[in-house]
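Asks: Fold the following, please.
(2 chains)
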Protein chains: 2
Amino acid sequence: MNLVEIISVIKDCNSIAILPHVQADGDAWGSCLALGTALKKLNKSVKIISEEIIPRIYNFLPLEDSLIYDENAHYHFDLVIALDTGDTGRLGNRIKVFGSTENTVNIDHHGTNTGFARYNYLDAEAAATGEIVYELINILNVEIDTNMATCLYVAIATDTGCFKFNNTTSKTHEIVSALVKKGVNVAEVAQRVFDSTTKERVMLMGYAINTLELFEEGRLAFISITNEMIKAASAKEEDCDGIVNIGRNIEGVESSVVIREKSQGEYKVNLRSKSYLDVGQVAFKFGGGGHKMAAGCTIKGDMDSVKKSVYEELKRLL
Amino acid sequence: MNLVEIISVIKDCNSIAILPHVQADGDAWGSCLALGTALKKLNKSVKIISEEIIPRIYNFLPLEDSLIYDENAHYHFDLVIALDTGDTGRLGNRIKVFGSTENTVNIDHHGTNTGFARYNYLDAEAAATGEIVYELINILNVEIDTNMATCLYVAIATDTGCFKFNNTTSKTHEIVSALVKKGVNVAEVAQRVFDSTTKERVMLMGYAINTLELFEEGRLAFISITNEMIKAASAKEEDCDGIVNIGRNIEGVESSVVIREKSQGEYKVNLRSKSYLDVGQVAFKFGGGGHKMAAGCTIKGDMDSVKKSVYEELKRLL
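Replies: This is a model prediction of the structure:
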């Protein structure tokens, strides 16, 4: 189904629900808020129904007043649109909302999308669902205002890692050029979305760096995070995210490992590689999974034995 | 003088020197290498003369074989072009090359450019000199190949902080869209230019974070760096760059300070603010300088007394 056909479905409906995936990211939030605003401009009755409250880094976005967080929301809608959602499992409890009508649309850029709706528009070439929504809004002939442009900018900037991931295309920059022209405050968005951190996160990063070790002529980087460190930093579990990239970004490092204490005797292992080493294979060996460049597993033992096991596996593949 | 007139000057000349500024950054290197390649395609004899060897993060760039590092280079050129260079002081020892002919061109985007050449093309609206060089090459009617596109991409991406600074415009993304279409490997460039670090740098960051203190309900962040830390990390002076942003990026922080031991009894103070506090004023008070958002000064004393003095000044303005 093409976008013009999707639009004729949308135009025939009056009350519309828009659903981002669970634990919605910048692309899901930005796409839903922009599309919601556009549909309201067409005098549709719109509800954006999210499973969780919008995370703090995105709460500066111009929030649609039709945004609701009730995961048990169950209304009658003429149409339900899932955005950036690869499969129905990613709708969480809101599968009830999705299932409340036959009239469903699924717009997404994930290559793995299962095509679960009545009307599906899938474009795996798009760097973000925000790119598709941008086109949709243009075909709908709704003028994109600064607020909508900011939402779409956040959608695209976050899913491309600030235009650094290899999904970033010429078209990505072309769309962003049009969005910036609508008045997006690029520097403010960047500060809030990409450069904002917390004291706890920084403190934990400091403790983590203190444990950094390089092996095999600097090709393997190991960082260990204990529960004691997390406690000392008053940090949260999620503050460990991204620490594995510190090791990965060091010149000469091929594989980076973060071993994090979960409970007594259980350790979560996060693995990254830079160019050739297949860390997915290593994670798989320990009952975990992932891809060549990013993988993870959970290993029982103590910090030293876990480190040694992972080290031996990586060394074999180096 | 407009770009078409600059081009007629260039077209009339055969042997051309291109000069980046001293301590050339990504914009200077990328602009010079792209323009050099374009002029060679027009069968000009081109020398790019740099004061220093290209830094490691840029040495993956397709290097013009006409690149020379001799700061005392003194040849006869029909034309000398300075790129991204605000004033003649920024030409260092190569002022001799620049002064060897009457026929000089100055292409730059710095608002403070002194217009020191015979022919000047200055555009302070351009986010990078790379944007101007892109247009120049288009008007020259030279096809931009992948190598040239990569050079211009690096020029623009670095001077806009990966499209995050407020100099980033709709036109910036429009130009980058065209460059990416020419085959720039966006992810590889990003990894090399933005995400590449060294073990020493990471270690120093860890030591620095260990000293992080927040005051005034988290609105002031202080980090101290001693010579001992730099030594323990085997780090260099330049590895301190950017550490001030760690404090600045913490939610709730308005002003971030890094105090770095220079020699016995002398401390370099680096100041940043996020929205309203004029750190330039603080630096000025201690005999330093800078802008509202970024400033620096050198203060005599010991770490504690320096910290206390700066703290008192910041507190007054908070």
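Asks: ok, now how distant is the residue of chain A most remote from its centre from chain B?
Replies: Relative to the centre of chain A, and counting by C-alpha atoms, centre = their mean, the farthest-placed residue is A:Glu217 at 34.0 Å. Computed with C-beta to the nearest C-beta, to the nearest Å, the distance linking A:Glu217 and chain B is 12 Å. Bear in mind the C-beta positions are built from the backbone N, C-alpha and C, glycine included.
Asks: Then A:Leu214?
Replies: Spatial separation of A:Leu214 from chain B under the definition C-beta to the nearest C-beta is 6 Å.
Asks: who does the host helix or strand of that residue pair up with?
Replies: Applying DSSP states H and E as the criterion places A:Leu214 in strand A:213-215. Paired with strand A:213-215 in the same sheet, following DSSP bridges, are strand A:220-225 (antiparallel).
Asks: Now the partner strand: average pLDDT?
Replies: Here strand A:220-225 scores 98 as its mean pLDDT.
Asks: do stretch A:152-165 as well
Replies: Stretch A:152-165 shows a mean pLDDT of 97 in the predicted model.
Asks: Is it in proximity to chain B?
Replies: Yes: counting by C-beta under 8 Å from any C-beta of the partner chain, chain B has neighbours in stretch A:152-165: A:Gly161, A:Cys162, A:Phe163, A:Lys164, A:Phe165.
Asks: Now do the strands for the stretch 101-250 of chain A: every range, in order, please.
Replies: A:104-108, A:119-122, A:213-215, A:220-225 (DSSP state E, counting those that start in this stretch).
Asks: Turn those strands into CSV, including mean neighbour count.
Replies: Conversion of these to CSV gives the following (neighbours: other C-beta atoms under 10 Å in any protein chain shown):
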stretch, mean neighbour count
strand A:104-108, 25
strand A:119-122, 20
strand A:213-215, 16
strand A:220-225, 23
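Asks: export the ones you listed to TSV and tack on distance to A:Thr198?
Replies: Rendered in TSV, the data for those read as follows (distance: least, C-beta to C-beta, whole Å):
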stretch	distance to A:Thr198
strand A:104-108	31
strand A:119-122	36
strand A:213-215	26
strand A:220-225	16
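Asks: Between these, which one is closest to A:Thr129.
Replies: Taking C-beta to C-beta as the criterion, strand A:104-108 is the member of the strands of the stretch 101-250 of chain A that comes nearest to A:Thr129, at 5.9 Å.
Asks: What is that closest one packed up against?
Replies: helix A:3-11, strand A:79-83, strand A:119-122, helix A:129-139 (3 or more C-beta pairs under 8 Å, 6 or more residues apart in numbering or on different chains; DSSP states H and E).
Asks: ranking those by burial, who's on top?
Replies: Ranked by average neighbour count under the criterion mean count of other C-beta atoms under 10 Å in any protein chain shown, these are headed by strand A:79-83 at a mean of 28.
Asks: Does A:Val176 touch A:Ala155 like I think?
Replies: No: between A:Val176 and A:Ala155 no contact is recorded; they are 10.4 Å apart, counting by C-beta atoms under 8 Å.
Asks: Mind listing the shared neighbours of those two?
Replies: Taking C-beta atoms under 8 Å, 6 or more residues apart in numbering or on different chains as the contact rule, A:Val176 and A:Ala155 touch no residue in common.
Asks: Tell me where the stretch 201-318 of chain A has helices.
Replies: A:227-232, A:243-248, A:279-285, A:303-317 (DSSP state H, counting those that start in this stretch).
Asks: Hmm, I typed the wrong one, I wanted the stretch 51-200 of chain A.
Replies: Under the criterion DSSP H, counting those that start in this stretch, helices of the stretch 51-200 of chain A are mapped to A:95-98, A:129-139, A:146-159, A:170-181, A:186-193, A:199-210.
Asks: right, and those - which one's nearest A:Gly86?
Replies: Within the helices of the stretch 51-200 of chain A, the stretch nearest A:Gly86 is helix A:129-139; the backing value is 10.6 Å (C-beta to C-beta).
Asks: avg pLDDT for that closest one?
Replies: Computed over helix A:129-139, the average pLDDT equals 98.
Asks: and if you look at stretch A:280-287?
Replies: Mean per-residue pLDDT for stretch A:280-287: 95.
Asks: one step back: from the residues of stretch A:152-165 next to chain B, keep the buried residues only.
Replies: Among the residues of stretch A:152-165 next to chain B, those classed as buried by neighbour count (16 or more other C-beta atoms under 10 Å in any protein chain shown) are A:Gly161, A:Cys162, A:Phe163, A:Lys164.
Asks: Which residue, other than its chain neighbours, is closest to the first one?
Replies: Taking C-beta to C-beta, 6 or more residues apart in numbering or on different chains, and ignoring the residues beside it in sequence, A:Gly161 has B:Ala190 as its nearest neighbour in space, at 7.8 Å.
Asks: Residues in contact with the strand holding A:Leu214: which ones?
Replies: A:Leu220, A:Ala221, A:Phe222, A:Ile223, A:Ile250, A:Val253, A:Tyr311, A:Lys315, B:Lys199.
Asks: got it, and stretch A:289-306?
Replies: In this structure, residues lying in contact with stretch A:289-306 by C-beta under 8 Å, 6+ apart are A:224, A:226, A:259, A:261-262, A:265-274, A:278-288, A:309-310.
Asks: Any idea how many residues pack against A:Asn59?
Replies: For A:Asn59, the tally of surrounding residues (other C-beta atoms under 10 Å in any protein chain shown) stands at 11.
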